[in-house]
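Visitor: pasting a predicted model and its sequence here:
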Amino acid sequence: MVKKIWYSYNDIHLVLQELAAKIKNAPVKYDAMIAIGGGGFIPARILRSFLHIPIYAVTTAYYESEQESKTADRVRKIQWLDPMNDSLRGKNVLVVDEVDDSRVTMAFVLQELAKEGFNEIGMAVLHEKIKPKQASLPENVHYFSGTTVPDWWINYPWDAEDIEAHNRLAADSQGFID
Ligand code: G4P
Ligand code: MG
């Protein structure tokens, strides 16, 4: 059975504070974030409390298949920078998502954004799963992760229908079960 782990909003806020410190210590100064919705929205908003830069958004959806491996042709744009906002043109942008899993969605979004003529592109994720990746990030993308995690299924608080039960699971037995 796949192992599962639960993180509270508090756990996530603390990891994002560490992620923000890594971003602030990097040589590139980012002008704006581009959140990948839906999973990147709440992390980007919390990061803004530390980075104080505006948030733009793109939204994708991943269509599950029977196949074991994830592939880029199953990623769809739901909403994009279309038209591109003048205030973003030629700027340094930090793309934000919640989890670096297979990297298929992330690589798709970064390849598409690379066509937009930004100066520097950074990629920031809350959780970096330690596992073989099925896509690679474009060269010249600066990568940041809040923390590394094992290849377990993560239950995020924003997916919870019962947040009190979620928080109990996050607090119990270090938040994971088999
Ligand atoms: P990656 O490039 O960021 O590694 O993502 P990948 O394509 O591998 O993931 C496909 C979808 O699966 C993404 O949702 C991602 O958030 C979700 N996912 C992967 N691992 C986990 C996990 O451990 N827990 C949860 N809750 N989700 C996971 P998406 O299609 O982007 O949907 P959305 O929720 O962002 O709207
Ligand atoms: Mg997502």
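Guide: That came through, no problem. Numbering: from 1, shown residues only. Ligands and ions are numbered 1, 2, ... in the order given.

Visitor: pretty sure residue 22 contacts residue 144?
Guide: Yes: proximity of residue 22 to residue 144 meets the contact threshold set by CB atoms under 8 Å, at 5.1 Å. C-beta coordinates here come from the backbone N, C-alpha and C atoms, glycine included.

Visitor: which one of the two has more residues nearby?
Guide: Under the criterion of other CB atoms under 10 Å, the comparison of residue 22 against residue 144 puts residue 144 first, with 17 against 12.

Visitor: in what helix or strand does residue 45 lie?
Guide: Of the helices and strands defined by DSSP states H and E, residue 45 is found in helix 41-51.

Visitor: near ligand 1, which residues of this structure are found?
Guide: 38-39, 60-62, 70, 97-106, 153-154, 156, 159 (CB under 6 Å from any ligand atom).

Visitor: of those, just the buried ones, ChimeraX syntax please.
Guide: Per 16 or more other CB atoms under 10 Å, the buried members of the residues of the chain next to ligand 1 correspond to this ChimeraX selection:
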select :38,39,60,62,70,97,98,99,100,101,102,103,104,105,106,154,156
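
Visitor: so which of the residues of the chain next to ligand 1 are in strands?
Guide: Residues of the residues of the chain next to ligand 1 located in strands (DSSP state E): 60-62, 97-100, 153-154.

Visitor: so residue 119 belongs to a strand, correct?
Guide: No: the assignment for residue 119 by DSSP: H, G, I helix; E, B strand; the rest coil gives coil, which leaves it out of any strand.

Visitor: in the protein, which residue is most central in space?
Guide: Among the residues of the chain, residue 97 comes closest to the average C-alpha position under CA atoms, centre = their mean, at 1.4 Å.

Visitor: residue contacts, that one?
Guide: For residue 97, the contacting residues are 35-36, 39-40, 43, 105-106, 109, 123-126, taking CB atoms under 8 Å, 6 or more residues apart in numbering as the criterion.

Visitor: OK, contacts around residue 147?
Guide: Under the criterion of CB under 8 Å, 6+ apart, the contact list for residue 147 reads 15, 18, 126-128.

Visitor: mind doing that once more with 6 Å?
Guide: Contacts for residue 147 (CB atoms under 6 Å, 6 or more residues apart in numbering) come out as residue 15.

Visitor: in the helix or strand containing it, what counts as buried?
Guide: If you go by DSSP H and E, residue 147 is part of strand 141-149. Using 16+ other CB under 10 Å as the burial criterion, the residues of strand 141-149 that qualify are 141-142, 144-146, 149.
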